[in-house]
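J.: pasting the structure only:
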């Protein structure tokens with residue numbers, strides 16, 4: 001009832017509906033329209049009289065009904081993503097574009113004029129640019145080389161340059177050498193669609209084989225993959241040599257050094273640093289991974305206990321290990337989750353996994369329980385559908401792996417449908 005009354009006040013205050021045009025079902029007979037005519041409508045609903053509304057009015061309605069989580073959609077930028085902003089605008093509920101300057105190498109400063117160009121592209125569509133994914137961390141910081149201090153200063157300057165544009169969250173990761181790791185970018189999943197796939201046996205082999213496979217795709221189709229920069233991958237042997245002495249303990253220590261150095265700048269700029277989970281959450285090719293389970297998340301948040309030191313909690317990354325219960329982590333650390341990725345995965349007995357549709361029963365991640373945990377905690381952070389399948393003609397050369405339009409749009413609607421149902425039952 002309070003939710004409905006709140007909606008009525010918002011609409012009347014905004015002048016969208018004159019006072020009295022919104023009616024409750026009070027005093028109506030069961031089955032009688034709340035509009036007073038012959039149209040059948042539940043007596044437990046509140047609806048406005050049908051009328052055409054300009055886009056501003058629709059935005060007010062959306063704001064009134066979709067309080068809570070803020071829905072985003074990742075976009076790789078003009079000339080780098082076949083999906084258009086005009087396509088994304090047609091997905092109900094999406095208010096935020098999750099973006100980055102994908103031409104920038106780790107360690108480079110993001111210049112103001114470059115950021116302003118993205119703002120110029122987003123403004124006509126009414127999207128905000130609150131969330132950046134990602135400002136990648138230079139390897140020298142992760143390794144702990146003397147040169148790390150200059151790269152940390154560059155990172156601070158990037159944060160200062162982002163702040164005037166309203167950026168509130170910066171996603172990043174602290175994974176050595178590789179970002180996300182998959183062995184098949186377009187694996188058939190049995191229904192005519194394809195998805196990202198991880199074959200455990202291949203990760204025990206030469207890392208060059210996997211790197212060459214991924215890089216051949218980026219070169220052939222002229223796409224950038226964050227964490228798979230050609231300039232870095234060309235020095236793969238050198239990078240492995242540099243990381244030789246970096247144990248898990250050393251990596252944590254270097255991580256702490258980085259965070260303690262940038263936290264004052266985060267407070268100055270009012271920007272939360274939201275670390276992405278390791279993907280997958282176990283060591284690969286002899287390289288240590290930090291975010292492997294709930295205990296690691298606990299350790300990280302205590303390592304630098306600061307409200308600006310936050311999580312990008314990716315359900316699919318952590319649940320690649322079926323022993324991880326992401327919903328429990330949400331319940332425990334709601335206040336430190338600045339950004340949520342909703343991704344579903346399907347496990348196989350041999351350790352392989354495939355990414356799946358966002359619907360709960362399509363995978364093993366527990367999407368319903370995770371969304372309920374966010375909702376019940378009153379969480380109001382940023383969220384987006386993470387990797388989706390490739391549907392309806394999407395494939396190599398027409399879509400970025402994991403980032404097609406259609407399945408992610410379906411994911412948005414599934415997530416909002418779950419959220420709306422939880423709201424109606426609250």
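T.: Nice, I can see it. Just so you know, these numbers come straight off a predicted model, no measurement behind them. Numbers count the residues shown, from 1 in each chain.

J.: show me where pLDDT drops low in the stretch 51-200 of the chain?
T.: Across the stretch 51-200 of the chain, the ranges flagged by pLDDT under 70 are 51-67.

J.: how about 50 then?
T.: Within the stretch 51-200 of the chain, the stretches with pLDDT under 50 are 51-54, 57-58, 60-65.

J.: show me where it has helices.
T.: Using DSSP state H, counting those that start in this stretch, the helices of the stretch 51-200 of the chain run over 55-65, 85-89, 112-122, 139-143, 148-162.

J.: what residues does the second one touch?
T.: Just to be clear, that refers to helix 85-89. The contact list for helix 85-89 (Cβ atoms under 8 Å, 6 or more residues apart in numbering) reads 73, 75, 94, 97, 121-122, 124-127, 405. In short, each C-beta sits where N, CA and C put it, glycine included.

J.: how about 6 Å then?
T.: Applying Cβ atoms under 6 Å, 6 or more residues apart in numbering, the contact partners of helix 85-89 are 73, 94, 125, 405.

J.: number of nearby residues for the third one?
T.: So that's residue 125. Using other Cβ atoms under 10 Å, residue 125 has 13 neighbouring residues.

J.: who's in contact with it?
T.: For residue 125, the contact set (Cβ under 6 Å, 6+ apart) comprises 85, 89.

J.: and the second one, by the same measure?
T.: In this structure, residue 94 makes contact with 71, 73, 88, judged by Cβ under 6 Å, 6+ apart.

J.: for beta bridges, what are the partners of it?
T.: residue 71 (DSSP bridges).

J.: residue 78 versus residue 116, what's the distance?
T.: 14 Å (Cβ to Cβ, to the nearest Å).

J.: before we move on, the earlier item: who wins on neighbours among the contacts of residue 94?
T.: Using other Cβ under 10 Å as the neighbour criterion, residue 73 leads those with 26 neighbours.

J.: and it, how close does it get to residue 251?
T.: Distance from residue 73 to residue 251, by Cβ to Cβ: 32 Å.

J.: still on that earlier bit, select, out of the helices of the stretch 51-200 of the chain, the one closest to residue 423.
T.: helix 55-65 (8.3 Å; Cβ to Cβ).

J.: follow-up on the earlier one: quick check: which of the helices of the stretch 51-200 of the chain is buried the most?
T.: helix 139-143 (a mean of 21; mean count of other Cβ atoms under 10 Å).

J.: got the contact list for that one?
T.: Contacts to helix 139-143, defined as Cβ under 6 Å, 6+ apart, come from residues 147-148, 151, 176, 242, 246, 254, 258.

J.: for stretch 175-182, buried residues please.
T.: 175-182 (16 or more other Cβ atoms under 10 Å).

J.: same check, this time on stretch 241-253
T.: Neighbour counts over stretch 241-253 (16+ other Cβ under 10 Å) mark 242-243, 246, 251-252 as buried.

J.: out of the residues you listed, list just those in helices.
T.: 242, 251-252 (DSSP state H).

J.: using CSV, lay out the residues you listed together with pLDDT and distance to residue 361.
T.: As requested, these are arranged in CSV below (pLDDT from 0 to 100; distance: Cβ to Cβ, whole Å):
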residue, pLDDT, distance to residue 361
242, 94, 44
251, 98, 37
252, 98, 37
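
J.: among those, which one sits closest to residue 289?
T.: Ranked by distance to residue 289 (Cβ to Cβ), those are led by residue 251 at 8.8 Å.

J.: do you know how far the closest residue to the closest one other than its chain neighbours is from residue 426?
T.: Using Cβ to Cβ, 6 or more residues apart in numbering and skipping the chain neighbours, the partner closest in space to residue 251 is residue 288 (5.3 Å). Distance of residue 288 to residue 426, computed by Cβ to Cβ: 42 Å.

J.: again, but for residue 102
T.: Separation of residue 102 from residue 426 (Cβ to Cβ) stands at 39 Å.

J.: more crowded one of the two?
T.: Per other Cβ under 10 Å, whichever of residue 102 and residue 426 has more neighbours is residue 102, with 16 against 9.

J.: contacts only, for the more buried one.
T.: Residue 102 neighbours (Cβ under 6 Å, 6+ apart): 76-77, 80, 224.

J.: most neighbours among these, please name it.
T.: Among the contacts of residue 102, residue 76 has the most neighbours (other Cβ under 10 Å), with 19 neighbours.

J.: which ones are touching that one?
T.: residue 102.

J.: for it, what are phi and psi?
T.: phi -90, psi 0 (degrees, to the nearest 10).

J.: state the distance from it to residue 235.
T.: Distance from residue 76 to residue 235, by Cβ to Cβ: 24 Å.

J.: now do the strands in the chain.
T.: 70-74, 94-98, 131-133, 169-172, 184-188, 194-198, 272-276, 309-314, 337-342, 344-347, 353-356, 382-385 (DSSP state E).

J.: could you dump these to a markdown table with distance to residue 393?
T.: Shown next, in a markdown table, are the strands of the chain (distance: least, Cβ to Cβ, whole Å):
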| stretch | distance to residue 393 |
| --- | --- |
| strand 70-74 | 20 |
| strand 94-98 | 22 |
| strand 131-133 | 26 |
| strand 169-172 | 30 |
| strand 184-188 | 13 |
| strand 194-198 | 11 |
| strand 272-276 | 30 |
| strand 309-314 | 28 |
| strand 337-342 | 24 |
| strand 344-347 | 22 |
| strand 353-356 | 19 |
| strand 382-385 | 20 |
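
J.: and those: which comes nearest residue 283?
T.: Of all the strands of the chain, strand 194-198 sits nearest to residue 283, with 14.2 Å by Cβ to Cβ.

J.: for that closest one, what is the distance to the chain centroid?
T.: Distance of strand 194-198 from its chain centroid, counting by Cα atoms, centre = their mean, to the nearest Å, is 18 Å.

J.: repeat for stretch 275-284
T.: 15 Å.
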